[in-house]
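J.: here is a sequence with its predicted model. Questions after.
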Amino acid sequence: MGTMDEFAQFLIRHCSPTLAGLKTGNLFAYPVDESKDPETFIRLWNKELEEKGIQLRILRKSERKALIYVYRVSRLQNVLQEEKAEQILKKYGYAGMNTEECMQHLSLRCENFSCFPHEIGLFLGYPIHDVEGFIEYGGKNCRMCGCWKVYCEEESAKRTFALYEKCRRIYSRLFLQGKSIRQLTVSL
C-alpha cells in the first residue's frame, strides 16, 4: 500500500535539487493502483510545503502511473517572465504568462502529447538555450546528455549535474537519518 513515507522517498530521490532551492522543478512517475492515491498525497504535501514555496501537481495520470511535477512557484514565475521563455511558450499556445494558466496548458499538453512537450524544459529550469536547441534539433545532435540534453555551455552543465547529484546523495543520507521533508526543504 502507498504511504506518505513511500511518497516522501520519491520526493527525496527525484526532487532533492528543487527542495534544496537549486532547481525550478522536477518530475517523477509515481506508480498508481487501488492502494495508492496520489491525489491525497499531493494535497497533503502541498499543505505541508506551501509556506516553503513548493507546489506539487499531477500533469498526467493513467491507470498505472501519475506524472508528478514538483516546483518552486517563485522560480517558475521568474522563468515564465523571461522574454525568450515567453517567445518559446507562445509557439506552443500558451496565451498568457500567468503561472496557473501556464500550468493548466502544460497539463493539457502532457495529456494530449505522446511524449513530453518540448517546452517542459523551461518548467524544469533547464537553460533556455538548451531548451531552444532541443526544440530546434528534435532532441538530436546534443553535445552532452545528463539531467537534460546540452547544446551549449557544456562545462557549466557538468558542474550543475554534479551539484544536483551531490544534493541527492546528501538529502538521501539526511532523510535516512531521520530528517523530514519539511526540515530538508529550503524556504526561498
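T.: Ah, there it is. Numbers count the residues shown, from 1 in each chain.
J.: my guess is residue 17 contacts residue 23. True?
T.: Yes - the pair residue 17 and residue 23 qualifies as a contact (Cβ atoms under 8 Å) at a distance of 3.9 Å. Placement of C-beta: from N, CA and C, glycine included.
J.: any common contacting residues for those two?
T.: Common contact partners of residue 17 and residue 23 (Cβ atoms under 8 Å, 6 or more residues apart in numbering): residue 164.
J.: what are the buried residues along stretch 120-130?
T.: 120-128, 130 (16 or more other Cβ atoms under 10 Å).
J.: among those residues, name the ones in helices.
T.: Restricting the buried residues of stretch 120-130 to those inside helices, with DSSP state H as the criterion, leaves 120-123, 128, 130.
J.: pLDDT for those residues - can I get that in JSON lines?
T.: Conversion of these to JSON lines gives the following (pLDDT from 0 to 100):
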{"residue": "120", "pLDDT": "95"}
{"residue": "121", "pLDDT": "96"}
{"residue": "122", "pLDDT": "97"}
{"residue": "123", "pLDDT": "97"}
{"residue": "128", "pLDDT": "96"}
{"residue": "130", "pLDDT": "97"}
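J.: and these, which is closest to residue 159?
T.: For these, the residue nearest residue 159 by Cβ to Cβ is residue 130; the value is 14.2 Å.
J.: helices along the protein, start to end?
T.: Using DSSP H, helices in the chain cover 4-19, 38-49, 73-80, 83-91, 99-111, 120-123, 128-137, 154-176, 181-184.
J.: contact partners for the spatially most central residue of the chain?
T.: The centroid of the chain falls nearest to residue 26 when counting by Cα atoms, centre = their mean (2.1 Å). Contacts for residue 26 (Cβ under 8 Å, 6+ apart) come out as 14-15, 17-18, 69-71, 124.
J.: how about the nearest residue to it, chain neighbours excluded?
T.: Nearest non-adjacent residue to residue 26, counting by Cβ to Cβ, 6 or more residues apart in numbering: residue 15, 4.2 Å away.
J.: please save the CA atoms from stretch 3-18 in PDB.
T.: The C-alpha trace of stretch 3-18 is given here as PDB (Å, rounded to 0.1, in the frame of the first residue of the first chain):
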ATOM      1  CA  THR A   3       2.100   5.500   2.200                       C
ATOM      2  CA  MET A   4       3.200   9.100   2.900                       C
ATOM      3  CA  ASP A   5       6.700   7.700   3.700                       C
ATOM      4  CA  GLU A   6       6.900   5.900   0.400                       C
ATOM      5  CA  PHE A   7       5.800   9.100  -1.400                       C
ATOM      6  CA  ALA A   8       8.400  11.100   0.600                       C
ATOM      7  CA  GLN A   9      11.100   8.700  -0.600                       C
ATOM      8  CA  PHE A  10      10.100   9.500  -4.200                       C
ATOM      9  CA  LEU A  11      10.400  13.200  -3.400                       C
ATOM     10  CA  ILE A  12      13.900  12.800  -2.000                       C
ATOM     11  CA  ARG A  13      15.000  10.500  -4.800                       C
ATOM     12  CA  HIS A  14      13.700  12.700  -7.600                       C
ATOM     13  CA  CYS A  15      13.200  16.200  -6.300                       C
ATOM     14  CA  SER A  16      16.100  17.000  -3.900                       C
ATOM     15  CA  PRO A  17      17.500  19.800  -6.100                       C
ATOM     16  CA  THR A  18      14.100  21.500  -6.100                       C
END
